[in-house]
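Structure for the following, please:
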Amino acid sequence: MTWIIILVNSLVFLFELSMPEYSLKQFFYLFGIVPARYTHPGWALAIGLPIDDYWPFLTSMFLHGSWMHIIGNMWTLWIFGDNVEERMGPVRFLFSTCCVGSPPDWCTGTPTRIRQCQPSAPPALSPVLWARTSCCSPTRA
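Below is the predicted model:
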């Protein structure tokens with residue numbers, strides 16, 4: 001499952017690289033977290049964002065803003081993810097990565113960034129790192 005997540009993230013990033021700048025911005029606004037979509041529905045409707053779409057809480061975890069962003073995240077996932085997946089099993093690992101990695105997005109709506117798109121791959125790694133330190137550390141083996 002770790003390799004599948006890395007592959008999907010890499011394919012999405014390569015797709016991002018192939019897009020013109022304007023299309024990329026639209027892509028990030030549609031699939032990334034834009035807090036104003038939920039807190040200011042009038043603004044969201046005015047610029048064409050669906051206000052009742054909650055998929056971005058999942059899809060934003062696959063968006064990356066730069067080469068360093070994706071390399072750092074995929075390297076971390078590659079190092080720690082397989083240990084955690086082995087310990088938890090693939091289904092629980094996927095569930096924890098998707099469901100536990102999404103709630104930090106709910107807290108990103110600061111007043112100064114409420115209308116900016118926010119890719120959220122780093123919060124998606126938080127359950128992997130937490131599980132690695134709490135249940136897979138050498139001292140707990």
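
need the contact list for residue 99.
By C-beta atoms under 8 Å, 6 or more residues apart in numbering, no residues touch residue 99. The C-beta positions use only the backbone N, C-alpha and C, and glycine is treated the same way.

Could you confirm it falls within a helix?
Yes. Residue 99: assigned to a helix according to DSSP: H, G, I helix; E, B strand; the rest coil.

give me the number of residues near residue 62?
Per other C-beta atoms under 10 Å, the neighbour tally for residue 62 reads 22.

What residues does it make contact with?
Residues near residue 62 by C-beta under 8 Å, 6+ apart: 8, 9, 12, 31, 121.

same thing but at 7 Å, please
Residue 62 makes contact with 8, 9, 12 under the criterion C-beta atoms under 7 Å, 6 or more residues apart in numbering.

do you know how far the second one is from residue 51?
Taking C-beta to C-beta, to the nearest Å as the measure, residue 9 falls 27 Å from residue 51.

neighbours of residue 19, just the number please.
Close neighbours of residue 19, defined as other C-beta under 10 Å, add up to 13.

my guess is it contacts residue 27, does it?
Yes. Residue 19 lies in contact with residue 27 (C-beta atoms under 7 Å); the separation is 6.2 Å.

and the residue nearest in space to the middle of the chain, helix, strand or coil?
For the chain, residue 61 is the residue whose C-alpha lies nearest the centre (C-alpha atoms, centre = their mean; 1.3 Å). Three-state call for residue 61 (three-state DSSP): helix.
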